[in-house]
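Enquirer: everything below, folded, please.
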Amino acid sequence: MNQDIAKIMIDEEELDRVVTRLAGEIDRAYAGEDKHLVLLCILKGSLMFMSDLMKKLTVPLEIDCMRVSSYGAGTESTGRINIILDLIRPDLPQCDVLVIEDIIDSGNTLSHLTKYLKLKGAKSVRTCTLLDKPSRRTVEFTPDFCGLTIPDEFVVGYGLDFNEKYRALPYIGVLKPEVYKKA
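Expert: Model prediction:
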């Protein structure tokens, strides 16, 4: 796997610093007795990030998961949002949902998902992304909590994949173009 990586963009130590900073921001935002925080992991890419994040949070929280996709095989978004695993909670109107995402490219998925969760009746919906690529935005969308803004490079590792590979890398690396262009 490492031989397919052109360079390490974000090493393990920097990832830890970013997650710690985000946890502090989220703790401050959700402090208070009237909050019912639910971290909503967008599977599969956000799993590692959310796992590390929730260990650093001090506010009471619950977790849940959804599986949402706008990608088929390969590197380009289809532009169509597919909900593969939905959030079903009878207490949703009492929940302050914080959607945990690994990376925002076009913004389509999170833009659609936040509207969807509000229509389903969530008390509040905010978003937290580890990585943001605003240069790829096709809709107007700004996350509430953002780890790092990165350039338009194809990144993998720390949950991010290419055709289900590279998720277990402990860092975020730039995938060599010859790897994804031949697929």
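Enquirer: hmm, Lys118 is touching Val125, no?
Expert: Yes. In this structure, Lys118 sits in contact with Val125. The criterion is CB atoms under 8 Å, and the distance is 5.4 Å. Where C-beta positions appear, they are placed from N, C-alpha and C, glycine not excepted.
Enquirer: please, which helix or strand holds the nearest residue to Asp16 once chain neighbours are set aside?
Expert: Computed as CB to CB, 6 or more residues apart in numbering, the closest residue to Asp16 that is not its neighbour in sequence is Asp52, at 7.6 Å. Using DSSP states H and E, Asp52 falls within helix 47-56.
Enquirer: the strand or helix carrying His112 - what's its average pLDDT?
Expert: Assessed by DSSP H and E, His112 sits inside helix 108-119. In this model, helix 108-119 carries a mean pLDDT of 95.
Enquirer: show me which helix runs longest in the chain.
Expert: When secondary structure is assigned using DSSP state H, the longest helix within the chain turns out to be helix 12-29.
Enquirer: report all helices and strands that that one contacts.
Expert: Identification of packing neighbours for helix 12-29 by 3 or more CB pairs under 8 Å, 6 or more residues apart in numbering; DSSP states H and E yields helix 47-56, strand 124-132, strand 145-149.
Enquirer: what angle separates the first one from strand 145-149?
Expert: An angle of 130 degrees separates the directions of helix 47-56 and strand 145-149 when computed by axes from the mean of the first three to the mean of the last three CA atoms, to 10 degrees.
Enquirer: got the buried residues for the helix or strand that comes right after helix 47-56?
Expert: Per DSSP H and E, the first helix or strand lying C-terminal to helix 47-56 is strand 62-71. Within strand 62-71, the residues that qualify as buried by neighbour count (16 or more other CB atoms under 10 Å) are Cys65, Met66, Val68, Ser69, Ser70, Tyr71.
Enquirer: for stretch 127-135, same thing?
Expert: Taking 16+ other CB under 10 Å as the basis for neighbour counts, the residues of stretch 127-135 that come out buried are Thr127, Cys128, Thr129, Leu130, Leu131, Asp132, Lys133.
Enquirer: contacts for it, please.
Expert: Contacts with stretch 127-135, where a contact means CB atoms under 8 Å, 6 or more residues apart in numbering, come from 18-19, 22, 26, 46, 49, 53, 98-105, 110, 114, 143-152, 155, 158, 160, 172.
Enquirer: let's go with 7 Å and repeat that
Expert: Counting by CB atoms under 7 Å, 6 or more residues apart in numbering, stretch 127-135 makes contact with 22, 26, 49, 98-105, 110, 114, 143-150, 152, all of which sit outside it.
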